[in-house]
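Q: Sequence first, predicted model second:
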Protein chains: 2
Amino acid sequence: MRYGHPWVCRRMMAEGMRITQTRMVVLDILARNPKRHLSAEEVFLMAHEINPSIGFATVYRTLDLLTRMGIIQKLEFGDGRARYELTEASKKVPHHHHLVCTECGKVIDYTDFTDEEKELLTKVERELSEKYNFKIKNHIIQFCGICNHCNERR
Amino acid sequence: MRYGHPWVCRRMMAEGMRITQTRMVVLDILARNPKRHLSAEEVFLMAHEINPSIGFATVYRTLDLLTRMGIIQKLEFGDGRARYELTEASKKVPHHHHLVCTECGKVIDYTDFTDEEKELLTKVERELSEKYNFKIKNHIIQFCGICNHCNERR
DNA sequence: ACGATAATGATAATTATTCTCAATAAAGAG
DNA sequence: CTCTTTATTGAGAATAATTATCATTATCGT
């Protein structure tokens, strides 16, 4: 059977993993929704539309697998459910970070200041990596506060 | 009754909140353990040592309250339980960020590169604040990877 | 000291995530 | 293409963190 995402498939094969329909469906969903921060449940619902036989547990397992492979990233915005999106390293999503409203949970992606940020981050990453002997795979940057909407109704 | 943490007490009173023993005990525990990233359960156990009548639910409520007040910060390192520590803004803890091992969950605090980082962060914070009309209270920066220990046993 | 009521403790309820295990399907061998 | 091995899956049960409920308690202005 043929699927897309050749770079992921190559890595899976190289590591002796099987390329299954569920894995490709989950990856596809995340790749097609780069703007949203999908929760496991949302991914499950979308996967279920494509193939109703896909189970919840497998979606979790696949999200976990892709996270450990560094293809997607698990994000936690403090509302009790994890969110997932492709990593920058997967070359499918541009450098960006998140602005989180701690009141309503709204999340804004911002892509400003990325050149300066990127430069500093690369430097910090390299040096921390050496100093602490840590193989750094990616990073999470969130600014937390109150959005204009929540600010107004007070 | 007299407690420490006058700056917190002042703010609580100003906002019509009551200054209770449980709140002060929880705050004290976090203030006395700036190096650790305590989970709600750990805080509960320590609080329970001090006063066995303190309940789990109240610890959660207090952690949530202090978080909303910006005195402590809720951190999620991906192991399914939230951690709490004083914010930089509370002036009790120095500027630092976290290095998280996605394999074993180990967390290293690092305080390197803080001058450059701080400068950039302040700038980014100010400009994002204007652009998105967001009242930014704090930020979370985590570098995720594999620690040397986990790297060796492969 | 008193009274209004915010806060609490105990416990039940909820909810996201993980585990279990028999059934299924991917991939290499023939 | 068929067979075999075994990694992966689906369904549902189990787990664990967090939140809600509600009668009781303790704070604080008077």
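A: Here it is on my side, so go on. Numbering: from 1, shown residues only, chains lettered A, B, ... in the order given.
Q: Show me chain A divided up by domain.
A: A:1-92, A:94-154 (automatic domain parsing).
Q: closest one to DNA strand D among those domains?
A: The minimum distance between DNA strand D and those falls on domain A:1-92, with 2.8 Å, by CB to the nearest atom of the strand. All C-beta atoms are positioned from the backbone trio N, CA, C, and that covers glycine.
Q: For A:Arg81, the count of nearby residues, please.
A: As a burial measure, A:Arg81 scores 12 neighbours (other CB atoms under 10 Å in any protein chain shown).
Q: give the contact list for the spatially closest residue to it that is not a sequence neighbour.
A: In this structure, A:Arg81 finds its nearest non-sequential neighbour in A:Ser39, 4.7 Å apart by CB to CB, 6 or more residues apart in numbering or on different chains. A:Ser39 sits next to A:Arg81, A:Ala82, A:Arg83, A:Tyr84 when contact means CB atoms under 8 Å, 6 or more residues apart in numbering or on different chains.
Q: Could you tell me which residues of chain A lie near DNA strand C?
A: Chain A has residues A:1, A:13, A:18-21, A:39-41, A:56-57, A:60, A:64, A:80-82 near DNA strand C, with proximity defined as CB under 7 Å from any atom of the strand.
Q: What's the ChimeraX line that selects buried ones from the residues you listed?
A: This is how ChimeraX selects the buried members of the residues of chain A next to DNA strand C, with burial counted by 16 or more other CB atoms under 10 Å in any protein chain shown:
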select /A:39,40,60,82
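Q: Which of the residues of chain A next to DNA strand C fall in strands?
A: In this view, the residues of chain A next to DNA strand C that belong to strands under DSSP state E are A:Ser39, A:Ala82.
Q: Out of the domains of chain A, which gets the lowest mean score?
A: For these, the weakest mean pLDDT is recorded on domain A:94-154, namely a mean of 89.
Q: anything in it near chain B?
A: Yes: Domain A:94-154 comes into contact with chain B (CB under 8 Å from any CB of the partner chain), by way of A:99, A:101-102, A:108, A:110, A:112-113, A:116-117, A:120, A:123-125, A:127-129, A:131-148, A:151.
Q: In strands, which of those appear?
A: Per DSSP E, those map to strands at A:99, A:101, A:108, A:110, A:135-146.
Q: Could you identify the longest helix within chain A?
A: In chain A, taking DSSP state H as the definition, the longest helix is helix A:114-132.
Q: hang on, the earlier thing: who does the residue nearest to A:Arg81 bridge with?
A: For A:Ser39, the beta-bridge partners are A:Arg83 (DSSP bridges).
Q: In terms of secondary structure, what does the longest helix of chain A contact?
A: strand A:135-146, strand B:107-110, helix B:114-132, strand B:135-146 (3 or more CB pairs under 8 Å, 6 or more residues apart in numbering or on different chains; DSSP states H and E).
Q: Specify the local secondary structure of the most centrally placed residue in chain A.
A: Closest to where the C-alpha atoms of chain A average out (CA atoms, centre = their mean) is A:Glu85, at 2.3 Å. Classification of A:Glu85 by DSSP: H, G, I helix; E, B strand; the rest coil places it in strand.
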